[in-house]
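[1] Show me how the following folds:
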Amino acid sequence: MSQLARDCRNGKPRTIRDRLAPDEYERLIEAIRVGVSKRQLAQEYGMSLRTVYRLADATR
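    Prediction:
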């Protein structure tokens with residue numbers, strides 16, 4: 001079984017909120033809003049750069 005399959009729940013990909021504690025999620029959103037580098041955030045939170053960009057677009 002692939003890592004992606006193991007990380008999925010009931011065959012559905014986990015959301016960002018599932019992967020982060022509520023306070024981590026809020027810190028990530030705030031960091032995006034104040035202009036912290038998306039590449040830096042992706043590395044810090046262990047997610048893809050694309051995920052950070054999608055989250056940034058969703059919070060506008």
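
[2] Outside of the helix ranked longest in the chain itself, list whatever touches it.
    Secondary structure assigned by DSSP state H gives helix 22-34 as the longest helix of the chain. Applying Cβ atoms under 8 Å, 6 or more residues apart in numbering, the contact partners of helix 22-34 are 16-17, 20, 38, 41, 45, 52, 55-56, 59. Bear in mind the C-beta positions are built from the backbone N, C-alpha and C, glycine included.

[3] Any chance of the residues you listed in JSON lines with secondary structure and neighbour count as columns?
    Listed next are the contacts of helix 22-34 as JSON lines, based on DSSP: H, G, I helix; E, B strand; the rest coil; neighbours: other Cβ atoms under 10 Å:
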{"residue": "I16", "secondary structure": "helix", "neighbour count": "17"}
{"residue": "R17", "secondary structure": "helix", "neighbour count": "10"}
{"residue": "L20", "secondary structure": "coil", "neighbour count": "16"}
{"residue": "K38", "secondary structure": "helix", "neighbour count": "17"}
{"residue": "L41", "secondary structure": "helix", "neighbour count": "19"}
{"residue": "Y45", "secondary structure": "helix", "neighbour count": "18"}
{"residue": "V52", "secondary structure": "helix", "neighbour count": "24"}
{"residue": "L55", "secondary structure": "helix", "neighbour count": "18"}
{"residue": "A56", "secondary structure": "helix", "neighbour count": "15"}
{"residue": "T59", "secondary structure": "coil", "neighbour count": "11"}
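
[4] returning to what we had before: pLDDT (mean, whole number) over the longest helix of the chain?
    For helix 22-34, mean pLDDT is 95.

[5] Export it to CSV, keeping only CA atoms.
    Provided in CSV are the C-alpha atoms of helix 22-34 (Å, rounded to 0.1, in the frame of the first residue of the first chain):
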residue,chain,number,x,y,z
PRO,A,22,-6.3,23.9,15.4
ASP,A,23,-3.6,26.3,16.7
GLU,A,24,-1.1,25.2,14.0
TYR,A,25,-3.8,25.8,11.4
GLU,A,26,-4.5,29.3,12.7
ARG,A,27,-0.7,30.1,12.8
LEU,A,28,-0.4,28.9,9.2
ILE,A,29,-3.3,31.1,8.1
GLU,A,30,-1.9,34.1,9.9
ALA,A,31,1.6,33.5,8.4
ILE,A,32,0.1,33.5,4.9
ARG,A,33,-1.8,36.7,5.6
VAL,A,34,1.3,38.6,6.8
